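In: using only what follows, build the 3D model:
(chains A and B)
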Amino acid sequence: MGCSMHKTCILKIYRGTPGNQYWEEFELELRPFLNITSALMEIQRNPVTKNNNRVTPVSWEQGCLEEVCGSCSMLINGRPRQGCTALIHKLIEATGSNVVTLAPMTKFPLVKDLVVDRSQMFENLKKIKAWVDVDDSFDKGFGPKISPQVQEAMYTLSTCMTCGCCTEACPQVNNNSKFVGPATISQARLFNAHPVGNLTAQERLRPLMEEGGISDCGNAQNCVEVCPKSIPLTESIAVIGRQVVRQAWKDMISVPDEDKK
Amino acid sequence: MSFSKKTKEVIVVGGGLAGLAAAMKLAENGCHVKVVSVTKCKRSHSVCAQGGINAAMNLKNEDDSPIIHAYDTIKGGDFLADQPPILEMCMAAPGIIRMMERFGCPFNRTGEGNLDFRRFGGTLYYRTAFCGASTGQQLLYALDEQVRRYEAMGKVEKFEHHEFMRLVLDDEGVARGIIVMDLFTMQLMVLKADAVVFGTGGPGLIFKQSTNSTFCTGAANGRLFKQGMKYANGEFIQIHPTAIPGEDKLRLISESSRGEGGRMWVYGDSSKKIISPEGKEMPCGVTGQPWYFLEDMYPAFGNLVPRDIAAREVLRVCELGLGIDGKSQVYLDVSQLDSKQQHKIESVLEIYRKFTGEDPHKVPMKIFPAVHYSMGGAWVDWPAADDPDRWTRYRHMTNIPGCFNVGESEFQYHGANRLGANSLLSCIFAGLVAGGEVPRYLDSLDRSYGNLPVRVYSESLSIEESFKHDLLNRNGKENVHALHNELSDLMVNNVTVKRDNESLKKTMEGIKQIRDRLNHISLDDKAGNVNQTYQFANQFGYMLEIALVITKGALLRDEFRGAHYKPSFPERDDNHWLKTTIAQYDPSKDEPLISYIPVDTRHLKPIARDYSKAKKVKPDLENIPKNIVLPV
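Out: Coordinates of the predicted model:
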């Protein structure tokens, strides 16, 4: 392991509450496969800084610890990612330094330390009706057959954990914009790809024609770089871009929606 | 004022698969539902379920049927589970799969576009529908989407990042709401309703070293237990045979890796001998060659024996000194599978690669058993379809009127050992059942929470306020996280795969001592919002109560059944122990009160649980009611 020259690592954490954020450093013994969440647990057990001050434990969100729940997103050395899969020896290998910085994501309201409030992402899912509009929850037989290729594509889109990394990395998401962000657009693509979901595709596309919709994407392509699930977000944005244009034309010349003939 | 307008206000605590299934069905049935979750529902522990969900749809032309599924489940649970709920769950399973498929859950497909199925442990049939190897995640998302749809309609209201702290009971002991804590502001508040459904998951964090998410403390059930809720079969804790050893978590490697053809092995040593399931002495393979120990000992089921058996055999093999690199670990090998098979379990292989740095496509994985699932949980009622009192009792209601329990937090479907891919099924099924039973219960009430005196709520709130004050102001030398580590050591060493009465007695004493020392903790965070140390300290006391329930149940049960293995009592003893353990809190004693109730075996009389030479059987279940009404 490349960290053999270091016996310890230093977690430099940007913590505090809105309007009162500050850096604090914690020094930890390096162990093989030590990840950021284990390190934070250790700090929680014994919250003593590098300068030997006993402080309040650092707050952060965590859950599955295997990168399927999306809880532990944070900025690690400036990059949005999950703390559970961030192995410290790999971070040291990449930077050559045993100092690792942790900070809360900046595109969401700060709650405390590394905890932010990502509710807006879930509100966006409501806005674009990110579900299949079924009649009810009874057994009505199988839905339409789906080819393995379409299933595979839908499965990939459906692994989105709403973790917020793409939103954080996107330069178009900021205080002056209402941009819904890449994850929301990709979810619109998922449900429009489903044979029954597609029946209400226009209800997903119309909100994306408005301010904060698809046209706010600046094509920086940061989203796809940081997505922990390798979801083809830029491709989703392109697909939805084409669907939105087609929908806009239909709306302009008042062609009835195909499914509502 | 007469009770003219019937309220339909219901609280669901827990936003995992079971809670969301209940919330969806309740909303559909005209209730207004408040969903309370410690995290965003979408992040619940259900996302960690990997391999699949069982349903005997017979799409592989094997003459499979829900009856055989029920038979496998009853036998897999070593006959400890009541049989009527299992029968209905297995009958409902195909409908549940079709419902989830309509919701858009991306199940794997065959070339023709039909659902694909894989094999799983404890059965010889291809019965497990799956979405890659993150089936739980995909099923949860599908329900989360449907519940969000009801939320947008105003029928569901979410309280995420809120924790259940206390059940509010009226003067007659009927559930009328809850006290919750906002986990951002740490403020306590009252939520009112006429029924509360709990789907709060398992208690893995009591062991700390487990495959569970950090949400799975079992504290909600501990709180209910201390308020009088009966807890059943607590001693039955499933140990999953294949997890990656780790510091913060023992990450699961899905049973589907074996369902797709993965093999478990160690290097053989013919000078060493092991006793086969038939009681014969056999050599441990050929020296220096891979020894596929499960295939050797269980020719019929091979690597797909039930989890309790696989976990014990891994331990036995390691105890003989055959563990890889001399450590307690064995190989789980999928490197010989073709790329198509490997692709179906890609997401678990990715987890292994990310956390160990080794590529399981090319080298065998090193794994060891880990605490995984609680078969036990809240006792809940189940009047069978043809019971005369079917419509005057309520399925999934605990012994507290108006308090229901669904999913892993309840005891109903898995007996002494759960079969793989039955948990997702039982969660959805139980949620749907509760979604139908709760409205019927509401109709039976002659008054609503709106008619209750204010003090019912204010008194509950002040109990929690003063407990919070007490906990924050404790000023001793103990550290709650250090106490948690001590509890973990006790539980993992003494209350997992192998149990003996001496150690269990010591564990009881040890837990009680930790409980005393909890009075002398001092919190590193005494104020402030998002106070996770306080949150955990509050949970920990209740986790200790459930730890006592688990341990005492194990201590008293002198037999070997399913996941409960005591070498000193190496046989299943139906004469004395074919009974359900019931634990109740007794404020006058320092440990739970244990009693027993009979197991309902009306469909299949207990037989030997043999996996070494079983063939596909066409079982005949008896006394199947003609009037079963399924919740899908």
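In: what parts of the stretch 101-250 of chain A come near chain B?
Out: A:111-113, A:115, A:117-119, A:122, A:125-126, A:129-134, A:136-143, A:145-148, A:151, A:154-155, A:158-159, A:161-162, A:191, A:194, A:196-197 (C-beta under 8 Å from any C-beta of the partner chain). Backbone N, C-alpha and C define where each C-beta goes, glycine included.
In: in strands, which of the residues you listed appear?
Out: A:Val111, A:Lys112, A:Val115 (DSSP state E).
In: ok, B:Pro245 to chain A distance?
Out: Taking C-beta to the nearest C-beta, to the nearest Å as the measure, B:Pro245 falls 10 Å from chain A.
In: where are the low-confidence patches of the stretch 1-150 of chain A?
Out: Applying pLDDT under 70 to the stretch 1-150 of chain A picks out residues A:1-4.
In: got the domain boundaries for chain B?
Out: Annotated domains of chain B cover B:9-199+B:418-454, B:242-370, B:457-578 [automatic domain parsing].
In: which of those domains is buried the deepest?
Out: Highest mean neighbour count among these (mean count of other C-beta atoms under 10 Å in any protein chain shown): domain B:9-199+B:418-454, with a mean of 24.
In: three-state assignment of the most centrally placed residue in chain B?
Out: The residue lying closest to the centre of chain B (C-alpha atoms, centre = their mean) is B:Glu408, at 3.2 Å. With DSSP: H, G, I helix; E, B strand; the rest coil as the basis, B:Glu408 sits in helix.
In: report the contact partners of the nearest residue in space to it that is not next to it in sequence.
Out: Nearest non-adjacent residue to B:Glu408, counting by C-beta to C-beta, 6 or more residues apart in numbering or on different chains: B:Gly202, 4.3 Å away. Contacts for B:Gly202 were tallied using C-beta atoms under 8 Å, 6 or more residues apart in numbering or on different chains; they are B:His45, B:Asn212, B:Cys216, B:Gly218, B:Tyr373, B:Ser374, B:Gly377, B:Glu408, B:Ser409.
In: could you do B:Arg176 as well?
Out: B:Val168, B:Leu169, B:Asp170, B:Lys192, B:Ala193, B:Asp194, B:Gly402, B:Tyr449, B:Leu452, B:Val456.
In: so which helix or strand takes in the last one?
Out: Yep, that's B:Val456 we're talking about. helix B:455-472 (DSSP states H and E).
In: return the alpha-carbon coordinates of the helix or strand following that helix using CSV.
Out: Sequence-wise, the next helix or strand downstream of helix B:455-472 (DSSP H and E) is helix B:480-494. What follows is helix B:480-494, C-alpha atoms only, in CSV (Å, rounded to 0.1, in the frame of the first residue of the first chain):
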residue,chain,number,x,y,z
VAL,B,480,-21.6,5.3,25.4
HIS,B,481,-19.6,4.2,22.3
ALA,B,482,-17.2,2.3,24.4
LEU,B,483,-20.1,0.6,26.1
HIS,B,484,-21.4,-0.3,22.6
ASN,B,485,-18.1,-2.0,21.8
GLU,B,486,-18.4,-4.0,25.0
LEU,B,487,-21.9,-5.1,24.2
SER,B,488,-20.8,-6.0,20.7
ASP,B,489,-18.0,-8.3,22.0
LEU,B,490,-20.4,-10.1,24.3
MET,B,491,-23.1,-10.6,21.7
VAL,B,492,-20.9,-11.6,18.8
ASN,B,493,-18.8,-14.0,20.9
ASN,B,494,-21.7,-15.6,22.8
